[in-house]
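In: missing the sequence, but the structure's below:
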Ligand code: C5P
């Protein structure tokens with residue numbers, strides 16, 4: 001028996017970051033949009049826990065128990081008094097260390113796949129609680145669509161989306177670690193008063209109306225200055241996408257992937273082509289959102 005789950009990447013259309021909390025995390029107002037770039041996690045019973053990964057970035061994926069997919073299987077097994085004797089195979093299409101929740105996607109995918117394989121009967125809320133224990137973005141990978149994440153990003157409120165938004169993503173030459181970008185945010189914020197993070201109502205309205213111009217006017221990312229400070233060349237990719245007609249250009253989450261909002265599929269193809277020949281990035285992908293959350297796409301007896 002094996003179960004395969006498909007899980008989307010995300011882009012943050014707003015990432016408002018508050019001051020560092022006592023636990024080291026930051027309060028966020030995080031407006032997530034799931035986009036149609038997917039990892040697939042397949043779980044098969046095995047003699048012990050094993051993780052394999054295939055795909056262009058597979059060499060950068062840890063295959064030990066630090067992998068979120070492995071941690072998800074262990075967490076679910078512990079809760080239901082089993083041993084996590086499974087082979088987890090990740091077919092990886094989401095950029096690694098890119099700010100698109102690729103690791104979180106694998107955690108949510110493995111959790112849902114193991115849950116289906118073992119027939120635990122866990123409720124959605126129980127699964128979401130395990131996700132939150134794995135990482136701040138993991139609950140969103142499970143639910144997909146669009147959502148506002150508060151707290152450290154794990155407390156989700158589903159958002160209405162009134163249309164399809166077209167995006168181009170430019171992958172950078174190297175990754176950025178999320179903790180280092182938050183540390184740089186803290187360093188840049190030193191001595192300044194950081195207001196509590198609040199979701200932008202015009203941005204939420206733009207999502208609900210499916211209006212790309214209004215969304216472009218409202219996108220923001222408080223981690224962008226920190227990502228650019230650690231990786232100044234990202235400014236060249238942002239400029240190349242803007243010059244090619246992107247309605248908005250921003251760093252995705254903690255970066256270094258840059259995200260470009262396009263008016264329609266034709267504009268997205270043009271922006272993608274311009275970025276491919278710009279020499280400012282490693283590779284380019286086109287994807288639209290919202291995309292569904294983690295979904296079982298296959299089970300074999
Ligand atoms: O929750 P997750 O494991 O994805 O977080 C990775 C790191 O990102 C944390 O260890 C922390 O340094 C930073 N982070 C943060 N505030 C958040 C989410 C993440 O400071 N709300």
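Out: Great, that's in hand. What you see is a predicted model; the values in this text were computed from it and never measured.

In: can you pull out the low-pLDDT segments for the stretch 51-200 of the chain?
Out: For the stretch 51-200 of the chain, no stretch has pLDDT under 70.

In: the helices in it, which residues?
Out: Remark: helices assigned in the stretch 51-200 of the chain by DSSP state H, counting those that start in this stretch are 68-79, 102-118, 124-134, 138-143, 178-189.

In: identify whichever of the ones you listed lies nearest to residue 44.
Out: Across the helices of the stretch 51-200 of the chain, residue 44 has its closest neighbour in helix 102-118 (8.1 Å, C-beta to C-beta). To be clear about C-beta, it is placed using only N, CA and C from the backbone, and glycine gets the same treatment.

In: got the angle between that closest one and helix 124-134?
Out: 140 degrees (axes from the mean of the first three to the mean of the last three C-alpha atoms, to 10 degrees).

In: so how far is helix 102-118 off the chain centroid?
Out: 15 Å (C-alpha atoms, centre = their mean, to the nearest Å).

In: most centrally placed residue in the protein?
Out: The centroid of the chain falls nearest to residue 101 when counting by C-alpha atoms, centre = their mean (2.5 Å).

In: right, and it touches residue 95 too?
Out: No: contact criterion C-beta atoms under 8 Å: residue 101 and residue 95 do not qualify, at 10.1 Å.

In: if I look at those two, which residues touch both of them?
Out: residue 9 (C-beta atoms under 8 Å, 6 or more residues apart in numbering).

In: quick revisit: can you say which of the helices of the stretch 51-200 of the chain is nearest to residue 249?
Out: In terms of C-beta to C-beta, the element of the helices of the stretch 51-200 of the chain nearest to residue 249 is helix 178-189, at 17.9 Å.

In: other SSEs contacting the closest one?
Out: strand 2-20, helix 224-230 (3 or more C-beta pairs under 8 Å, 6 or more residues apart in numbering; DSSP states H and E).

In: excluding its backbone neighbours, what's nearest residue 14?
Out: Of all residues not flanking residue 14 in the chain, residue 31 sits nearest, at 4.0 Å (C-beta to C-beta, 6 or more residues apart in numbering).

In: please apply the same query to residue 19.
Out: Using C-beta to C-beta, 6+ apart, the closest residue to residue 19 is residue 194 (4.1 Å).

In: what sits against that neighbour?
Out: Here residue 194 is in contact with 17, 18, 19 (criterion: C-beta under 8 Å, 6+ apart).

In: buried only: go through these for me.
Out: 17, 18 (16 or more other C-beta atoms under 10 Å).

In: now check stretch 148-162, is it near the ligand?
Out: Yes: Stretch 148-162 is in contact with the ligand by C-beta under 6 Å from any ligand atom, via 152, 153.
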